[in-house]
Every structure is written in structure tokens, then in C-alpha cells.
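J.: coordinates for the following, if possible.
(chains A and B, ligands or ions: 2)
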Amino acid sequence: MADIAMSNFREASQDAAATAASQPARTPTVVVDDVHIVYKVHGAGSGKGSATSALSRLVSKKRSPSIREVHAVRGLSFTAYKGEAVGLIGSNGSGKSTMLAAIAGLLPPEKGAIYTNGQPSLLGVNAALMNDLTGDRNVILGCLAMGMTPKEVESRYQEIVDFSGINEKGDFISLPMRTYSSGMAARLRFSIAAAKTHDVLLIDEALATGDQKFQKRSEARIRELRKEAGTVFLVSHNNNAIRDTCERTIWIEKGELVMDGHTDEVVREYEKHNRA
Amino acid sequence: MGLTPKQLAAKYGLGVSGKRPSLPTYVRQLWARRHFILAFATARLVAQYTTAKLGQLWQVLTPLLNCSVFFLVFGVMLKSRDSIPVYLAWLCVGVFVFQFSQSAVQAGTRSIADNLGLIRALHFPRACMPVAFTVIQLQQLLISMVVLVGIVLANGQMPHMTWFLIIPALLLQCLFNTGLAMVMARVGSKASDISQLMPFILRTWMYVSGVMYSIQGAIATWPPLAKTVMALNPATIYMDLMRYAFMPDSFSKHYYHGGKDASGHALPQHLTLPHHIWFTASAWAVVVFVAGFVFFWKAEEEYGRG
Ligand SMILES: Nc1ncnc2c1ncn2[C@@H]1O[C@H](COP(=O)(O)OP(=O)(O)OP(=O)(O)O)[C@@H](O)[C@H]1O
Ligand SMILES: [Mg+2]
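T.: Ligands and ions are numbered 1, 2, ... in the order given. Sure, this is the predicted structure:
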């Protein structure tokens, strides 16, 4: 039953692609061509193993039995154009974050290729920040990690701190980040990440951070970024955020394309599918 | 409209995402990230000790404790100190210098694997990671150097013109370590089993390098070829350079009596610096650095895969 539904969606998506193709003078910015992405997981199963077992494994040149492969994306193809905001939806573990990382060129595809215009960037500096460092040091580190020059960092610093609103309740920016509430940390992270403009912007669930006031502010900032960027990809489990921000949506399930078309249509089908 | 995705991409001049840049471009990108490398290294160093009560003091305490253990075991119990005139200073220079290369190897091996989150989130030349970890080791060594100067002075060695040689010796070792860290980073990013073997390899390297005893004395009766090979060991070379810089007296004939010690062992005539030591030290540094850099760059697009 589900299979029939899926094949219907596929046809719908082909229609959408056909109408997209017939419109003249659209410049593609991201072309994803039959991409497969495989994670290799070390140490699944029997733990790390002792040095002697490592030695015997190295000597016998045998592949470690504890390496498992996760085929996260299976043959996705689509093209995104200049000025488009594309939503990516799908259940947990369907491969959305993986796809974004691959578009950004951070995860090499096992098969297929991804062509892009300029340097797509993930909106995310979480990984560069360190909990034991103070907020202000993290702002500087995060900005440098995103590729800003020290001069740019200096000129943006106050703007970032003000946007995050961390200092509204006192001098918190000079405290280590581990003393922040989870919302405060998320606000600071978003503020750092959103300080830079990009050609192709990839956003993974960044809207779900902070209190309502901050959510409003961050949505407005995303709209601004979208104006400056050529193309925006947005991953979210909040269908309303997708509806508000994107006109086109791609639905992925188990690493495969289910449907690609106008947001209203795709999200409607997605909600219908989830209710069943 | 029969364009394949590839043709479409070509028509609009799109490039393959995450493609490895050419070597000159890569060097330029890495240079552009020097501020990030420094900020990252400093942040790591600060964050490393914030949870310990004594904080940054551990940077000094750890090498000191190491030295005391080696002094007790090799100097006092195994009597290495009898054959070397300023043993304590001699030992500490060896420990700190070897530690510098050893920790560069250890940190390099883990630099990619431990920072996969960062690598999967942001764009930067991946060589930033091994380089940053070498910078961390250098910062730690500079702190240890202050301690070392204290030990050397306390051991009766007065400041000397040769102390200026410390700077070029350190620079060469730095270059060598960075290359080594980049090789290990690539190796460690693929085979996580290597990190289990590293302790064995490093310990072997330490014992054959003569950190706590004079390797020259130990291999005095070996055939010449074996002696030459042992003398080419980069760790021995960098240690000898630094020892000579700090206390040139250890290499002076005056301080050795020759003959036999109380238990009948022959004492070494005197320690000598190998011929062409500066040339060998420079060659190691340049060759390992360049080879390591190219070797690391060759797999640039692969590091995100883990
Ligand atoms: N670092 C990793 N190592 C191994 N497998 C991974 C890794 N990250 C993701 N996966 C696997 O890849 C698949 C897709 O994960 P992904 O994170 O892309 O899902 P997602 O669509 O973003 O899910 P969510 O909605 O929960 O964020 C999952 O099966 C997951 O187990
Ligand atoms: Mg996700």
C-alpha cells in the first residue's frame, strides 16, 4: 500500500521537475546527481579491542570486523536554482542532515557527484565552540572558524553579542559557556553562525532555538540571509517554518527521494502520510 | 532539454563540491587560516586545564614529574649519571625535547578522528588540525623551557653564547614535528587501530634514542654501519643539538675521566656531536615537513568520511 503511494509521489515529483525545466532562464546553483553517501562506523560491536588484537589485525591485513556501513543517502538527484529556498523534510534518520553536509562538500559521496556554485556553507558553528571557554572567546573562535579575518571579527563582535541578547541580563559573555542555560548557548551559537553571508546557505533546524522572542528574531535574520544568499536549504521538523520560508520542498525517506515539488503540495502529502 | 546533470553543471560553470584544491591554492588557504589555527590552539590549551584545580600549573608539573621519575630510575638506580657530567640537566633536556616530538605524534594521530564533528560542520583546510595540535605542543614546550632554564642553572651551567642555538634547533624540530603530525593525522584518520599501537612504537623510539642515557656509550662496540644508522635517528639529533646548545661542556673532553667506574664498566671516552649534525637536522625537518604536507593534502577530501 505504502509502495503504491510512494510511486504516485514519484510521478508527481517528475511532473514538478518537468514544469521546472520548462521555465526559461533559471540558473542552477546546486546540482545533485545520483548521490550515494555511506558512513563507515568504527568500533561497532566489540569495543576498541586491545593493542595486541589491533596488531594481529594490522598484520593479517584483514578488515576490522567491527566496521559497519550505514548507507544514509541512496541515489538522490535534484537541481536547485538561484533565488530558491528549498525545504528538506522527512522522518528522523532519513538522511536530511547527511545530504546538507554532502552539499557543503564536507562528506564526500561514495557514488555520484554534487556540483555547486561557490562555496555552500552550513549554518552551524556548534562544533567549533568549546564549553570551557568564555562566551566572548567563543565568538572570536567561531568567527575565525567560519573563515573571517580578525578585522572582520572585530567589526562584527558587538553586533553578534547584541543579537544574541546574552548580555541583556548582566555580563554573561565573560563567563564560560558551560554556565549558560541551553537556550542561552543556542542563542549565542545561532548569532555567531548567522553573522556571515553565504552563496548557498544550508540551515539544519536552526529555527528551533531559544524563546519565542528570539525565534522571531532568528526567522527575520534567516530571511535577510536568504536575500543575500543565492539559494537556501532548510531542514526542519516544523512544517510551518518550512511553509513560511520555502516555496519548494523535497521529501526524503530512508535516503531516497519521495517527492519534490511545491511546498504546499509536498507538506500536505507528508502530513497525510504521517497521520496514517 | 536533454541535458544530463553533468552537462547542466558544466554549462553554468558549477564545480564539484568539496573538491581537493591544487597544492598552491591549498597552501594559500592554510595561510589565510593562520589566525584560526592560533585561536584554536590557544583555546584548546586553556580549556584543557580549566577543570583541574591546579589549572595551568600542570603544564609545568607534568614534565617535572617525568624528569624526577627518570632521574630516580635511570640516573640513580641504573647509574647513568656516573658517565655524564651534568646528568640532571642532560636528562631534562632529553625528556622535554623527546616529549615534544612524541606528543606531536600522539596529538597528530588523533587530530582528525577526535575533531570529526568540526570537520563535518565547517570548511577549512584540514591541515589546520594537525598544525594546530603541533602549535599546542610548541606552546607547552615553551612553558617547559622556562622550567628547563631553571634546572640547567641549578645544575651549575652558566648562560653561554651557545644558548642562541636553542632557537634554530627548536625551529627545525618544529618543522619536523609538523610534518610528522600531518603524516600521522592521515594515517590515524583511516585506521583507528594505529592509535592502539602508538604507545609501543613511541616507547621503542624513546629507548633507542637515548633520552635517559647516552646512546653513544651503549652502542660504542657496534659495527660502524649500525652506528651511522643510529646516529641518523632524528630524535637523537634534535636532543643532541639542544644539549649542546644548553651545556656545550657535556661534549668537552675535560669532563670525562675515561677508565672504569667502581663496578668495572668502561666509561665512555667523551660524548661527541655527530658530523654534519646541523645539515642532518635541517634535512630531516625539510623532507619530513614537505612529504608530510603533500601526503596529508592528497586525502584532503576524504577526512569528512571518518
Ligand atoms: N556520524 C554518523 N556515523 C554513522 N552513521 C550516521 C552518522 N550520522 C548519521 N548517520 C546515519 O545516517 C542516517 C541519516 O542520518 P541523518 O542525520 O542524515 O538523518 P536526519 O534526516 O537528519 O534525521 P533527523 O531528522 O533526526 O535530524 C541515519 O541512519 C543515521 O544513523
Ligand atoms: Mg538531522
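
J.: next structured bit after whichever strand or helix holds B:Thr236?
T.: Assigned by DSSP states H and E, B:Thr236 belongs to helix B:234-246. Next in sequence after helix B:234-246, counting helices and strands by DSSP H and E, comes helix B:277-297.

J.: buried residues, that following helix. List them.
T.: Buried residues in helix B:277-297, counting neighbours by 16 or more other C-beta atoms under 10 Å in any protein chain shown, are found at B:277, B:280-285, B:288-289, B:292-293, B:296-297. Yep, even glycine has a C-beta here, placed from its N, CA and C like the rest.

J.: need those residues in TSV with pLDDT and distance to chain A, can you?
T.: Listed next are the buried residues of helix B:277-297 as TSV, based on pLDDT from 0 to 100; distance: C-beta to the nearest C-beta, whole Å:
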residue	pLDDT	distance to chain A
B:Ile277	86	34
B:Thr280	92	31
B:Ala281	93	31
B:Ser282	95	32
B:Ala283	95	30
B:Trp284	95	26
B:Ala285	95	28
B:Val288	96	23
B:Phe289	96	24
B:Gly292	96	21
B:Phe293	96	21
B:Phe296	95	16
B:Trp297	95	15
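
J.: same for ligand 1: which of those are within range?
T.: With C-beta under 6 Å from any ligand atom as the criterion, the buried residues of helix B:277-297 include none near ligand 1.

J.: need these in CSV (columns: distance to B:Ala121).
T.: Shown next, in CSV, are the buried residues of helix B:277-297 (distance: C-beta to C-beta, whole Å):
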residue, distance to B:Ala121
B:Ile277, 45
B:Thr280, 42
B:Ala281, 39
B:Ser282, 39
B:Ala283, 39
B:Trp284, 36
B:Ala285, 33
B:Val288, 30
B:Phe289, 28
B:Gly292, 25
B:Phe293, 24
B:Phe296, 20
B:Trp297, 21
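
J.: tell me the one of those nearest A:Cys246?
T.: The shortest approach to A:Cys246 among the buried residues of helix B:277-297 belongs to B:Trp297, at 37.7 Å (C-beta to C-beta).

J.: what number of residues lie near the closest residue in space to the closest one that isn't next to it in sequence?
T.: Excluding the flanking residues, the one nearest B:Trp297 by C-beta to C-beta, 6 or more residues apart in numbering or on different chains is B:Tyr26, at 5.5 Å. Residues near B:Tyr26, counting by other C-beta atoms under 10 Å in any protein chain shown, number 19.

J.: what sits against B:Tyr26?
T.: Contacts for B:Tyr26 (C-beta atoms under 8 Å, 6 or more residues apart in numbering or on different chains) come out as B:Arg20, B:Pro125, B:Ala127, B:Trp297, B:Glu300.

J.: quick one, the helix holding B:Thr236 and helix B:277-297 angle?
T.: For helix B:234-246 against helix B:277-297, the angle by axes from the mean of the first three to the mean of the last three C-alpha atoms, to 10 degrees is 130 degrees.

J.: in helix B:234-246, what counts as buried?
T.: In helix B:234-246, counting by 16+ other C-beta under 10 Å, buried: B:234-246.

J.: mind putting those residues into TSV with pLDDT and distance to ligand 1?
T.: Listed next are the buried residues of helix B:234-246 as TSV, based on pLDDT from 0 to 100; distance: C-beta to the nearest ligand atom, whole Å:
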residue	pLDDT	distance to ligand 1
B:Pro234	92	37
B:Ala235	92	37
B:Thr236	89	42
B:Ile237	91	42
B:Tyr238	93	39
B:Met239	91	41
B:Asp240	88	46
B:Leu241	91	44
B:Met242	90	43
B:Arg243	88	47
B:Tyr244	87	49
B:Ala245	89	47
B:Phe246	87	48
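
J.: just the closest of those residues to A:Leu144, please.
T.: Closest to A:Leu144, out of all of the buried residues of helix B:234-246 and judged by C-beta to C-beta, is B:Tyr238, at 31.4 Å.

J.: the closest one contacts B:Phe176, correct?
T.: Yes - with contact defined as C-beta atoms under 8 Å, B:Tyr238 counts as touching B:Phe176 (7.2 Å).

J.: any idea which helix or strand comes after the top helix by length along chain B?
T.: The longest helix of chain B (DSSP state H) is helix B:128-154. Going down the chain from helix B:128-154, the next helix or strand is helix B:166-190, by DSSP H and E.

J.: list the buried residues in the helix or strand just after that following helix.
T.: Using DSSP H and E, the next helix or strand after helix B:166-190 towards the C-terminus is helix B:194-209. Within helix B:194-209, the residues that qualify as buried by neighbour count (16+ other C-beta under 10 Å) are B:Ile194, B:Ser195, B:Gln196, B:Leu197, B:Met198, B:Leu202, B:Trp205, B:Met206, B:Ser209.

J.: one more: stretch B:210-223?
T.: Using 16+ other C-beta under 10 Å as the test for burial, stretch B:210-223 gives B:Gly210, B:Val211, B:Met212, B:Tyr213, B:Ser214, B:Ile215, B:Gln216, B:Gly217, B:Ile219.
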